[in-house]
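Novice: what would the 3D arrangement of this be:
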Amino acid sequence: MQERRPGLDPAVAEVRRAVRACLEGRQGAVVIALSGGADSLALAAAAAFEAPRHGIRAEAVVIDHGLQEGSPVIAERAAELARGLGLAARVVAVDVRDAGNGPEAAAREARYAGLARAAAETGADAVLLGHTLDDQAETVLLGLARGSGAASLSGMPPERRYATGPAWVRPLLGVRREVTAAACAAEGLDPWRDPHNLDPAYARVRVRETVLPTLERELGPGVAEALARTAEQLREDAAAFQDMIDETIEDIVEHAEAGISVSVAALAANPAALRNRIIRYVVDSEFGVALTRTQTLEVARLATEWRGQGPIDLPGCRARRVGGRIEIVARG
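Specialist: Sure, this is the predicted structure:
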């Protein structure tokens, strides 16, 4: 570990080390998702310091969701803070439309779409996000409360890249929220305090303000770190399962009219954990549908507990057994 230079605040040094590690080996430009809060502001300050030293252009992008009174002013203030750090910065207004998944999901989708457009316009191949270790712990707890599977409990990956668009990079997943706040204070930065982050109407706020502090008090310190370690271990497991699925899928899946079909014998021969993941994966890949556990098990029973049962209606598709195969086809 590089020694801290005399006079450099420990919190500032920790955030800079995290950002430095994620910038090493990158080229070109990155976009920093800046809300004006302590986490993203500490990230922007560290990137402003580290990016030039790696020959990387960095631009801060502030998304204005337009959901609060005075949001353009708040967004522009965050952009001005970034400019004061020596970064190029701009505000991108987005149109938040709830498609039925709730206001939080709608805002998140609009935000990520706006950041992806900004990255494309800037020529950046990565967007830096300010999620911290505390955010990771909250994500795992929320997944547990919802009865989610291992893929959800694995939390947020340090980096995720899709077929198109920028990589989504989280340099601060190993940094506590108290450290980002201390880094801002040490650098004389005044973060914006979003009132939504204190509104108990949101489940994540209740986890942050009540559940995690209660666990820390009753079970002892280190709960957040333990949850983050759990997420990391489950991501490793999920990656191993995905490798198995990739090796298996070509041999057992075929195209069917208006859908796909999967070998009954192959599904039945696999362990339940792999069988269920294959079912979820092929349905998601073909129809963009995330099956619940109950739905997944019903489809699996077409292979393992066949009693002549009829088709199973799923969101946007239907599963049925036809001879030695399970066909999953679009619902007409």
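Novice: now stretch 48-59: average pLDDT?
Specialist: Confidence for stretch 48-59, expressed as mean pLDDT, is 97.
Novice: quick one: buried residues of it?
Specialist: Within stretch 48-59, the residues that qualify as buried by neighbour count (16 or more other C-beta atoms under 10 Å) are 48-51, 54, 56-59. Yep, even glycine has a C-beta here, placed from its N, CA and C like the rest.
Novice: show me how far it is from its chain's centre.
Specialist: Put simply, stretch 48-59 sits 24 Å off its chain's centre (C-alpha atoms, centre = their mean, to the nearest Å).
Novice: give me the number of residues near Glu24?
Specialist: 9 (other C-beta atoms under 10 Å).
Novice: cool, and Val211?
Specialist: Using other C-beta under 10 Å, Val211 has 18 other residues around it.
Novice: any stretches of the stretch 51-200 of the chain with poor pLDDT?
Specialist: For the stretch 51-200 of the chain, applying pLDDT under 70 flags the ranges 99-101, 148-149, 151.
Novice: quick one, domains of the protein?
Specialist: 10-226, 257-330 (automatic domain parsing).
Novice: closest one to Phe241 among the ones you listed?
Specialist: When the domains of the chain are compared by C-beta to C-beta, domain 257-330 sits nearest Phe241, at 5.4 Å.
Novice: now do the closest one: distance to the chain's middle.
Specialist: Using C-alpha atoms, centre = their mean, the offset of domain 257-330 from its chain centre is 27 Å.
Novice: list the contacts of Glu24.
Specialist: Neighbour list for Glu24: His54 [criterion: C-beta atoms under 8 Å, 6 or more residues apart in numbering].
Novice: how close does it sit to Gly55?
Specialist: 11 Å (C-beta to C-beta, to the nearest Å).
Novice: report all helices and strands that the longest helix along the chain contacts.
Specialist: For the chain, the helix with the greatest residue count under DSSP state H is helix 223-252. Counting contacts by 3 or more C-beta pairs under 8 Å, 6 or more residues apart in numbering; DSSP states H and E, helix 223-252 packs against helix 133-145, helix 150-153, helix 212-219, strand 259-263, helix 264-269, helix 272-287.
Novice: need the residues that contact the second one.
Specialist: Contacts made with helix 150-153 from outside it, assessed by C-beta under 8 Å, 6+ apart, are listed as 140, 143-144, 146, 230-231, 234, 237-238.
Novice: repeat for the first one
Specialist: Taking contacts as C-beta under 8 Å, 6+ apart, the residues outside helix 133-145 that touch it are 39, 152-153, 155-156, 172-177, 203-204, 207-208, 211-212, 223-225, 227-228, 230-231.
Novice: now these: which count as buried?
Specialist: 39, 152-153, 155-156, 172-177, 204, 207-208, 211-212, 223-224, 227-228, 230-231.
Novice: which residues sit against stretch 109-127?
Specialist: For stretch 109-127, contacts defined as C-beta under 8 Å, 6+ apart pick out 26, 28-33, 57, 59, 61, 63, 65, 90, 92, 94-97, 165-169.
Novice: count of neighbours near the residue lying closest to Arg204 once chain neighbours are set aside?
Specialist: Closest residue to Arg204 apart from its sequence neighbours, by C-beta to C-beta, 6 or more residues apart in numbering: Glu138 at 5.6 Å. If you count neighbours by other C-beta under 10 Å, Glu138 ends up with 24.
Novice: gap between the residue most central in space within the chain and Pro195?
Specialist: Among the residues of the chain, the smallest C-alpha distance to the mean C-alpha position (C-alpha atoms, centre = their mean) belongs to Met156, namely 4.3 Å. Distance of Met156 to Pro195, computed by C-beta to C-beta: 24 Å.
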